[in-house]
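Fold the following for me, if possible:
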Amino acid sequence: MYAPKTALITQIDDGAVSPDGPATGRFSSSISAPHMVLRCLGHLGLNPGERVLEIGTGTGYNTALLSVRAGVRQVTSVELDPVLATAGRDTLKRAGFEPRVVCADGEHGYPERSPFARVQSTAGVTSVPYSWVEQCFPGGVIVVPYRGVALLRLVVSEDGLEAEGGCVDTASFMVLRGQRRTGETAIDPLIAKTLKEADRWRGEGDMRELRDSLGAQFFLHLRVPSIRA
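Model (predicted):
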């Protein structure tokens, strides 16, 4: 069955949980919903023959689409998980595609093949790695899911020193492993100290406006970076 708005989970807890049968844990890899893949590629605006860097090979599904568009030799895909990197490379080869798939930390990009005309991340970020900017041509485009809410499209400046842009779409992707929230944040002790006091004051509010408003969610994420909704 073709379900354009359904993502398929392909890994849980970085592979520690068996994919067979019911399971609980943190989703750590997936095939994104086809309609979201299409939207991201549309914002990327990749042209035939342009060199592109993909952050997060996963199953290789998006990598194959990039290969069809740009040409196999123009695609470099970086995957942190060695098991996923090998599986993605093998799946692509069986499908007739052999782009460069490397096992490395995507936050550092892949300077050996830079500069790139396009950088696409299939994992979300809380902070855009500057290495992606450095490894782009002037005028290059970076498309990346941001803070579990929005899809950013950034254009690298003519001097190659910075990139600017804005939110072009809604997007909720798994976060780069190096940017996952771990341990206690600065606000956690404050929450612990004031929770009992806060419990004394209860009220009812309609949160649908926050749920339905990308702008409100994005503002909340900027003001409280450690929040997870």
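
so what's residue 150 up against?
Residue 150 makes contact with 167, 169, 170, 171, 214, 218, according to C-beta atoms under 8 Å, 6 or more residues apart in numbering. (Glycine included, C-beta is placed from N, CA and C.)

beta partners for it?
residue 146, residue 170 (DSSP bridges).

Flag the shaky bits of this structure, pLDDT-wise.
Across the chain, residues meeting the criterion (pLDDT under 70) sit at 1-2, 5-30, 32, 180-188, 190-215, 217, 221, 224-229.

please redo it, this time with the cut-off set to 90
1-37, 123-127, 146-150, 166-167, 169-229 (pLDDT under 90).

Is it possible to mark the buried ones in the contacts of residue 150?
By neighbour count, with 16 or more other C-beta atoms under 10 Å, those hold 169, 171, 218 as buried.

Which of these sits closest to residue 91?
Taking C-beta to C-beta as the measure, residue 91 lies nearest residue 171 of the buried ones among the contacts of residue 150, at 24.0 Å.

Which single one of the buried ones among the contacts of residue 150 is nearest to residue 85?
residue 171 (23.4 Å).

Tell me how far that closest one lies from residue 83.
Counting by C-beta to C-beta, to the nearest Å, the gap from residue 171 to residue 83 is 25 Å.

go on, residue 174?
16 Å.

who has more neighbours, those two?
More crowded of residue 174 and residue 83, by other C-beta atoms under 10 Å: residue 174, with 22 against 13.

number of nearby residues for the residue lying closest to that one once chain neighbours are set aside?
Distances taken as C-beta to C-beta, 6 or more residues apart in numbering place residue 123 nearest to residue 174, at 5.7 Å, with adjacent residues excluded. Residue 123 has 21 neighbours, counted by other C-beta under 10 Å.

Touching, residue 123 and residue 178? I think so.
No - in this structure, residue 123 is not within contact of residue 178 by C-beta atoms under 8 Å, at 9.7 Å.

quick revisit: reformat the contacts of residue 150 as JSON lines; add distance to residue 78.
Output for these, formatted as JSON lines (distance: C-beta to C-beta, whole Å):
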{"residue": "167", "distance to residue 78": "24"}
{"residue": "169", "distance to residue 78": "23"}
{"residue": "170", "distance to residue 78": "25"}
{"residue": "171", "distance to residue 78": "19"}
{"residue": "214", "distance to residue 78": "29"}
{"residue": "218", "distance to residue 78": "27"}
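
Sort out which one of those lies nearest residue 144 for me.
Nearest to residue 144 among the contacts of residue 150, with distances taken as C-beta to C-beta, is residue 171, at 8.8 Å.
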